[in-house]
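> the sequence and its predicted three-dimensional model are supplied below.
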Amino acid sequence: MKSIKLFRGALFGISMLFGLMAFLTSALCINTVDKQLSNEYIENNIAIATSIANAAEDSILNRDLSVLQSMLEQFRKINGVEYIYVADEHGQIIAHTFVPGIPQEIQSLDKNIIGSSRRIIPGFGNFIESSMPILMGRAGTVHVGMEESLIAFKIQTAVGRQVYLVSILFVLSIMISFVLLSRAGRPLMQLASYARGISGSEDRPEPDRQELERLMSRLDEVGEIARLVSRCPSETPPEPPK
C-alpha cells in the first residue's frame, strides 16, 4: 500500500513516539521487577539464615557438629541456596557445604558481619550472602549464599514476556497507523490525480467522474477541495511554436 508524502512525517513521528513509549515501559518494567525480585530473594535468604541460626543453637552448644553438618546439607537443597557455612564466636568455620574445600576468599572474610552483602568468589561465581548471629553472636554466625545469576534468570523470565508483548504492540501500532494514514491520504491522491488530469500537466486520462462525485459528497475538507477542483475549467496547454 502506497503512502502519501504528506503523511510520511506524521508516520515517522508516530513511530518514534511508540518506540519511545515501548522503551520507557520496558525500562520501567525491568527496573521494577529487578528491585522486587532482588528484595524478595534477599528476604528469603535472611529467613533461611535465621532458621538455621535458631535450629543450630543446641548443636553448637553441645558441640554436635555432625548434626549441624547434616542440617546444613538439608538446607542446602533449598532452591537458590548455593552454600552455607557456620563460624564460631572466634570466626573459625566449624561446618560448611563447600566442595571440595573452603575458598580462600571466604576464609579471609570477617565472619562477624551481620546482614546481606555481595560476594565474588573466583571459580564459584557472584553471590548474595546473608549472615545471622547465633545466640546474639555469642555462639557464632550463620552465612547463606545465593547465586546472583539465579536472580538474573528469574528477572529475565518475568520481564521477557512483558517486553515481548510491548514489542508486538509497537509493531502492530505502526502497521495500523500506516494503514489508517494511507486510507486517509487516498482521497487526496485521487484529487491530485484529477487535478493533474484536467490541467493537462500529465498525459493521462481524467479519473472517473463518479469517483469525483463521491469525493464531492464528503462533508470534510476532502469534499470541500473536491468541489473546488470540480469548478476549475479544463485547460489544454498551448502547443509549443514550431
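Great, that's in hand.

> list the contacts of stretch 19-31.
155, 159, 162-163, 166-167, 169-170 (Cβ atoms under 8 Å, 6 or more residues apart in numbering). Using the backbone N, CA and C atoms, a C-beta is placed for each residue, glycine as well.

> helices or strands next to the host helix or strand of Ile176 in the packing?
Using DSSP states H and E, Ile176 falls within helix 148-199. If contacts are counted by 3 or more Cβ pairs under 8 Å, 6 or more residues apart in numbering; DSSP states H and E, helix 148-199 sits against helix 8-55, strand 125-133, helix 209-216, helix 221-230.

> just to revisit the earlier point, would you mind checking the contacts of stretch 19-31 for buried ones?
Among the contacts of stretch 19-31, the ones that count as buried by 16 or more other Cβ atoms under 10 Å are 155, 159, 163, 166, 170.

> farthest pair in those residues?
Farthest pair in these (Cβ to Cβ) is Ile155 and Phe170. Separation: 21.4 Å.

> got a pLDDT number for Leu180?
Looking at Leu180, its pLDDT reads 78.

> follow-up on the earlier one: which one of the contacts of stretch 19-31 is nearest to Ile114?
Ile155 (26.7 Å).

> that closest one touches Lys35, doesn't it?
No: using Cβ atoms under 8 Å, Ile155 and Lys35 do not qualify as a contacting pair, with a distance of 9.8 Å.

> now do the spatially most central residue of the chain, the pLDDT please.
For the chain, the residue nearest the mean C-alpha position is Ser26 (3.8 Å; Cα atoms, centre = their mean). The model reports Ser26 with a pLDDT of 75.
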